[in-house]
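>>> Need the 3D shape of this:
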Amino acid sequence: MRESGRFTRPLAIALVISLALNVFGASWYLTREATSNWTPQAQGSWITRVAQVLPEEDQQTVADIVAAHKPRMEELFIDMRDSTGDIWSAMARDPMNEDEVQAALAVVRAKQDLLHLELHDTLMDIGRELPLEARQTLEDHTSRWRGSQ
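Residues are numbered from 1 along each chain as shown. The predicted structure is shown next:
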């Protein structure tokens with residue numbers, strides 16, 4: 001029984017590092033999405049890329065809605081990114097205080113949730129503004145995309 005105990009601490013440290021890397025990866029992805037140029041032709045925004053299947057007028061509606069939410073998304077992203085540094089700082093101490101790392105991870109998760117809520121508000125506004133036909137086109141397009149994954 002004592003033998004398996006010697007692996008518990010290294011495994012716990014590896015899991016915390018893995019979680020931190022996942023948070024970093026999500027932060028990188030959200031950075032790219034939150035700071036891209038929000039026009040229908042933008043290459044960095046998945047929302048505007050999806051909207052490219054719509055008529056030009058509806059694409060512009062999507063771009064206008066996303067542009068209205070962009071400042072808040074950028075603000076939330078910057079706040080989240082800055083908090084991610086606290087994870088690395090907590091991990092860089094010897095001995096590493098796992099409670100401090102977990103607390104820093106919890107702060108980043110909470111800030112990610114706020115960013116996701118802003119994204120959800122963006123999608124709701126798009127749903128409110130687009131006509132039924134455009135919403136159905138988006139649903140059809142995204143369901144085909146999900147089916148090919």
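>>> mind listing what N97 touches?
A90 (Cβ atoms under 8 Å, 6 or more residues apart in numbering). All C-beta atoms are positioned from the backbone trio N, CA, C, and that covers glycine.
>>> Need phi/psi at D94.
phi -130, psi 120 (degrees, to the nearest 10).
>>> Ok, the one 3 residues further on next?
The phi/psi pair for N97 (degrees, to the nearest 10) reads phi -90, psi 100.
>>> what's the burial count for F77?
22 (other Cβ atoms under 10 Å).
>>> Against G127, how distant is P55?
17 Å (Cβ to Cβ, to the nearest Å).
>>> Could I get the average pLDDT for the longest helix along the chain?
Counting residues, the longest helix found in the chain (DSSP state H) is helix 56-91. Averaging pLDDT along helix 56-91 gives 89.
>>> Okay, buried residues for it please.
For helix 56-91, the neighbour count (16 or more other Cβ atoms under 10 Å) marks 58-59, 61-63, 65-66, 69-70, 73, 76-77, 80-81, 83-84, 86-87, 90-91 as buried.
>>> Please report the distance of R109 from A134.
34 Å.
>>> Which one's more surrounded, these two?
A134 (21 against 14).
>>> correct me, but the more buried one touches L54?
Yes - using Cβ atoms under 8 Å, A134 makes contact with L54 at a distance of 5.3 Å.
>>> that older thread, what's the longest helix of the chain packed up against?
Packed against helix 56-91 by the contact rule (3 or more Cβ pairs under 8 Å, 6 or more residues apart in numbering; DSSP states H and E) you find helix 8-34, helix 46-51, helix 98-129.
>>> Before I go, just wanted to say thanks for your time.
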